[in-house]
Structures are given as C-alpha cells and as structure tokens.
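Q: sequence first, predicted model second:
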Amino acid sequence: MGTTTYREAVRTALTEALVKDPRVFLMGEDVGKYGGSYAVSKGLLAEFGPERIRDTPLSESTFVGAGIGAALGGMRPIVEVMTVNFSLLALDQIVNNAATIRHMSGGQFSIPLVIRMATGAGRQLAAQHAHSLEGWYAHIPGIRIVAPATLEDARGMLWTALEDPDPVLIFEHQTLYNMEGPLADEAGAVDIDHAAIRRPGKDLSLITYGGTLGKTLQAAETLASEGIDAEVIDLRTLRPLDMATILDSVKKTHRAVIVDEGWKSGSLSAEIVARLVEHAFYELDAPLARVCSAEVPIPYPKHLEDAALPQPPAIVAAAREVVGRRG
Amino acid sequence: MPSLGADMEAGTLVEWLKHPGDGVTRGDIIAVVDTAKGAIEIEVFEDGTIESVHVKPGEKVPVGTVLALIRGTGPERPGHPPGHPSAAAALRTPPAAPMPNAPAVAPAAPAAPSPAQAAAREQPGRVRVSPLARKLAADLGVDLTHMTGTGAQAAITREDVERAAAALKTPAPQPPAPPPDRSTAMRATIAAAMARSKREIPHYYLSTTIDISVALAWLRKENEKRPITQRLLPAALLIKTVALALRDVPELNGYWIDGGFRKGAGIHIGSAISLRGGGLVAPALHDADTLDLTTLMRQLQDLVARARTGSLRSSELADPTITVTNLGEQGVESTFGIIYPPQVALVGFGKIMERPWIGSGKIEARPLLTATLSADHRASDGHRGGVFLTAIDRLLQTPERL
C-alpha cells in the first residue's frame, strides 16, 4: 500500500481508462499543455498525445456538446469542466441533450459521457469559482451524479462511470485534490450505486458527501469525546440517492443532521429531509437538522469564506442540539 | 375512526364490510371496529362510493383517524380539480353527536376551524413529543401528559418514554400480569368517564314517587291482546314517557360542550344495559319520542341482545342524548346516577313496589315507582328538572296515549 493524493488518484484513474479503452479520450480547457487547472492531467498529453488529450476553446457549451456528439458516435469521452460555475454555460447541453436523448429517442441512442468538474469553496477563489451546484444537477432525471470524497472513490468511480451507458457527472471538491493518504496498490473500480457508512455510530446520523465528509468525520470525533456516538454517511451518489442506506441508519439512530456545502433553499439537503419525513416519520426522535452554507454568494476574504461554509463546530453544535444536549 | 363515546381514544379495525369501488348509502354498515365496549358496527353517513380505505384490519388507530374516503354523489366542490379525492367525504361520526376531547374525523374538505380547535392550536403549553416517542408511548401505554422531555427543544424522546415505562414496571416484581381483557378495558373506560363526570359536572338530584297502578293495569290489558313475542315490558313504557317528557324540557336532552349547551338533534334515549361479563353500555334508541310502543319494545329487545353479543352500531354508541337506567329490575328502590358526559341528564327508575298510598282520602295498597333525575346544573335548574319529573308522572297516568 502506497501513499498518494486525491489528485494522483484521479490521474491514475484517467491513465487506466485511456490505456484500457481506445475509445476513451479527455477534453477540456487547459487539460493538455497546461496539465489541467488543478494539475490533474499533468503529463497525460506527453503520454497519450493530442488526439486523446485535447485542449478546447473557452466555450463550455461547445466542448460539452462535442462530447455528447462523440458519445453518440461510439466514443467514451471524458469532458473536464474547470468548475461547476462554468458548467452553467453548458447547462443546455447537459440538461436538454445529454439527459434527454435516451428518453426522446425511445431508447435508440444513449450518451455514455463522463463530465468531471471541480466544485465547492475553501480556497479563496470567490463567488464565481466556488459554488456547490451539484445539488442542482441532482434535480435532473437522466443523469447520474457522483461525488468522490475519498482516495478510493477518486481512484475507482471514473471507470464505473465510463461503463455506465448514460451520462455521469463527477464532482471533485477543489479542497480535496491535495488530500494525502494510503491507497491500496490494487485499488480499482468501485460501485457508484451505494452510500457508504464512513463511521458507524448509534446516537445520530450525520449525512454528508464530498468536501464536507472530512469536516463531518472530524466533528464526529469531537462528539465521541463527549459521549455522542455519531454515524457518518457518505452519500457518494447524489442521484439516484441511496435511500435504503440512509433510512437504515436513521431507523437505528432516530436522529439525523445533514451536512451540505450547498445552500439550504431548494437543495439536496432539503430533499433528504423531505424523504426522511415521508419514509421515517415515526422513527424520528428529534427534529431533523441541517448544516449548510450561508445563503450568500461565497465571499472572497478568508474569514468570511470560512464563516459562510459548514465547519466542524457548527456540525457539533447541531448534533448536540438534536440529541438534546446544549453547551 | 368515529368516537363511540366521550372517553374512547382509539379503536381497532376488525374488518371492512365494504371495499373500494363499492357503493354505499347512508345507514349502511361498512366496517366493524373493536373497542372496550365490544365489536361495534360502523355505519356510514354519506351516499357515494368507497374511494379508498386507509386502515387495515387489525390496526389500532386513534379517534379521528381517516378510515376511508368516500366519493360523494353530489357535484364536485369548487376548488378541487375533478377526480381529486378531497372532493370525497371522509367517513365521519354523525354530526348530531359532537364529542369533546374526541377530535372530529379530519374533514376531507377544508372547513373553518371551530373556536375550540383554534384555541387548541394556540395553546402555549402543548407537550412536545417526538414522533418515535409518541408511537412508543402508545405501544407501551405510557401517559405523556405530565412527563418532562429531555430531548431537542425539551421534547419527550424515546428514552424518556422507555424510562417511564420501566418506572411503571419496577414496583411490581411479581410475575407478569395476564393481558388485560375486555372487562378490564371497559372498567377503565367507565372509570375515566365517571371520574370526569364527577369532576366536571355539578350534579343536582331530584326524586319523586309515582303511582303507576293505572299504567300497569293498562299494560296488563294491552298484553292480553298481544302474542307473547310482542308483549310490552314496563321499561318500554318508561322510555317512551321519558322521551315525551323531554319535549317539554328540551334543556335536559343534549350535550354540554365547550362551555355551552347544545340541544340534541333528536331524542335518542341511551338505555343502560349491564353486560354479563361486567360493565355496562348505554346505546341509543333513536328518536324514541316518535316510536310507537310496539316498535320501541322490539328495538329495545334487539338492542339488549346486540349489546350482550357485542354487535352494536356506531351511531347507537355515539349519539345518545340522555341516559335512562332502570335498576328496579335488580330490586333497588331508587337510583341516583352519574351523568355520562357530555350528556346533561340521567333518569333513574327503581323497583315497582306495592306500598300504602293515600288517594281520595283513603289509604290503599298501590304499585309505586321512584323516578329520579340526575342533571347538570350548568344546563338546567332544579325547577325545570321538577317540571320534567312531573311530566313523567302525568304521562304515566294516561298510558293509552303513549
């Protein structure tokens, strides 16, 4: 078992895919000569050449659309969009084309497309580069949304996504690229259907994904020192939600706090709360709670950015509140 | 789940006699519900078609739970798209018998909240209970009213309920008690109703002795003409008399609800019937003032038989407007009963006994009957109670007119 980073794990996954399947190619802004804006694809141009590592013009709509066309034509494109904020320029291609063509063609065409993009805040990139809009995409039927939060998932989700006959959007939280840790040498493809229990516990369920998983695990340790045994669920796949895992956990703990870097209003966290109320009302022993980003465009100054995002002390406070302990 | 008495809190659905798609008309028996008072047949008060049923046989649900939706035969209500089930009428108790503490079944269409409902919502002291704790408390039979919650926002949690349930158990280290049978449950129901009555209702009591010789003589002669199966008992005569006397004193016929008297929509005499296994029920003879004696007698016999086999109907339990108890059959001279809330009066008859009686200046042996009235002083005064007992006496002197 060697030590690696999230960035290297994604690069290894890309390399593996390019080696294994000649239909796979990577395209996006600065993925070639520059090596990717987060340096994920560094070295891939030299290894695989400009045919398969393609720099594109600054036009998200164009190159996402080209990816859809390539997928329709039998290729297995991996499209990198620099951040989720920029993906809004390609929203028409993603929502109106990628998500719909299988359904509108009566199943005659499928779009085996993978779109990777960075999401989230925490690195002082300001409001136009720091939002968490994956919850928006999770609203759309016809696409699958995944959010690798661990080295294993960064390494393993890509290949499974490429095997999916329908579009898969992979959201990589920008604070995770430098995350370092051990990863088994034989690590490979992982499932993209199920949520994972990252820490078992019995007193409450902390439900999160992506960039807030680490903060949530940290909060769970603080809670443990106070005698509160929190279970931490990593959603992994935001659409379709693995409600079975969530419900099993809440039926055990009877309390839940959802931690999401997205905003509360009309959000993924709101959806989870609604489903828990629909399907587990009589299992609930306390009001459901959420720790989400403040409802502002993410600020640039460090202290304001920190204040706007979910942080471990807020998660701890929310957990204490639902288990009935204050202080 | 209709309220089948002021102190019924929940009932268990035994079976559905009608199913989704079946047509129903007012008065049909559509389900059987088990309560402390036995298995009760539930009547429907709407015409229409069963749209859906929401409670499965074996399920115990609180009073007020929607059991089924019935699509009415009338025009769709404005404001609901066609085909929307809220246009259907929810199965509900007869509107004639509003019961306090037993929330009316949720109406399918929005209705203006009554002042009482509004007041309940605004109550600042509402106990917070988590959904899980509430369910568990119902399962374990734990009373939540005076419990202190330790959960979020000081709500009562599962742990609080479990602790209370454990505390209930600890003082009794004996072998587990046998499961409570129906008579235990009924005892508890009667205990709650009677305790509430004595707590809340300022009773006044009146008593009068009635010369019943004329009525008995008439009855004897009348019965000679009748086949044995149609013979009248004095009880039928007495119930009819009470019903007619109530026309003169309507303030004894109805309910005290939310600080005011509500007149009964008809004269529905609850007839106290003791049960073999112990306990009693007082199901209604509907519109007793309009029944001829033959019909009344037949209905009374039917009611007694069904009370004892446990197949009463929901309306019979839900809407008596007064209760009559006839302990004379047990050899008691007089009885001063406790009013069954939210009713406002109870009439008692003792044993018919031959006693000395002074009539026309002579002492004679006459059959005499003691009639008593327990009445709610909030709803009526002693003077009106006296008028009522006098009316009973007067009516019994002309039995041929009953």
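A: Received the coordinates, thanks. Everything numeric here is computed off the predicted structure, so don't read it as measured data.
Q: now the residue of the stretch 251-400 of chain B found nearest chain A. Nearest residue, chain neighbours left out?
A: Nearest to chain A in the stretch 251-400 of chain B, going by Cβ to the nearest Cβ, is B:S314, at a distance of 27.5 Å. C-beta: built from backbone N, CA, C; applies to glycine. If you skip the residues right next to it in sequence, B:S314 has B:I42 as its closest partner in space, 4.5 Å away by Cβ to Cβ, 6 or more residues apart in numbering or on different chains.
Q: beta partners for that neighbour?
A: B:A31 (DSSP bridges).
Q: ok, back up a step: tell me the contacts of the residue of the stretch 251-400 of chain B closest to chain A?
A: Contacts for B:S314 (Cβ atoms under 8 Å, 6 or more residues apart in numbering or on different chains) come out as B:2, B:4, B:33, B:40-43, B:93.
Q: would CSV of those residues with neighbour count be doable?
A: Shown next, in CSV, are the contacts of B:S314 (neighbours: other Cβ atoms under 10 Å in any protein chain shown):
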residue, neighbour count
B:P2, 29
B:L4, 30
B:V33, 24
B:I40, 30
B:E41, 20
B:I42, 27
B:E43, 21
B:T93, 25
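Q: which of the residues you listed sit farthest apart?
A: Maximum pairwise distance in the contacts of B:S314, criterion Cβ to Cβ, is 13.7 Å, between B:E41 and B:T93.
Q: contacts for the longest strand along chain A next, please.
A: Using DSSP state E, we find that the single longest strand of chain A is strand A:76-83. With contact meaning Cβ under 8 Å, 6+ apart, strand A:76-83 is reached by A:14, A:17, A:21, A:23-31, A:36-37, A:40-41, A:60, A:63-64, A:66-67, A:70-71, A:87, A:90, A:112-119, A:125, A:129-130, A:158, A:162, A:174.
Q: same thing but 7 Å
A: Strand A:76-83 has contacts (Cβ atoms under 7 Å, 6 or more residues apart in numbering or on different chains) with A:14, A:21, A:23-29, A:31, A:36-37, A:60, A:63-64, A:67, A:70-71, A:87, A:90, A:112-119, A:129, A:162.
Q: now do stretch B:234-241
A: Stretch B:234-241 is contacted from outside by B:215, B:219, B:269, B:271, B:285, B:288, B:293, B:296-297, B:300, B:324, B:326, B:349, B:352, B:392, B:395-396, B:399, B:402, using Cβ under 7 Å, 6+ apart.
Q: domains in the chain, by residue range?
A: Since you didn't name a chain, this refers to chain A. Residue ranges for the domains of chain A, per automatic domain parsing: A:2-183, A:196-323.
Q: chain B is the one I meant
A: Chain B breaks down by automatic domain parsing into domains covering B:10-122, B:131-169, B:201-401.
Q: export the ones you listed to TSV and append columns for mean pLDDT.
A: Below are the domains of chain B laid out as TSV (pLDDT from 0 to 100):
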stretch	mean pLDDT
domain B:10-122	67
domain B:131-169	86
domain B:201-401	90
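Q: make a markdown table out of the ones you listed and add distance to A:G214.
A: Shown next, in a markdown table, are the domains of chain B (distance: least, Cβ to Cβ, whole Å):
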| stretch | distance to A:G214 |
| --- | --- |
| domain B:10-122 | 44 |
| domain B:131-169 | 26 |
| domain B:201-401 | 58 |
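Q: using CSV, list the CA coordinates for the helix or strand just after the longest strand of chain A.
A: Heading C-terminal from strand A:76-83, the first helix or strand you meet, by DSSP states H and E, is helix A:84-87. These are the backbone C-alpha positions of helix A:84-87, laid out as CSV (Å, rounded to 0.1, in the frame of the first residue of the first chain):
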residue,chain,number,x,y,z
VAL,A,84,-19.2,23.9,-11.7
ASN,A,85,-19.8,27.6,-12.0
PHE,A,86,-18.5,27.4,-15.6
SER,A,87,-20.7,24.4,-16.4
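Q: what packs against helix A:84-87?
A: strand A:114-119 (3 or more Cβ pairs under 7 Å, 6 or more residues apart in numbering or on different chains; DSSP states H and E).
Q: what pairs with the strand it packs on, parallel or antiparallel?
A: When DSSP bridges is applied, strand A:114-119 pairs with strand A:76-83 (parallel), strand A:168-173 (parallel).
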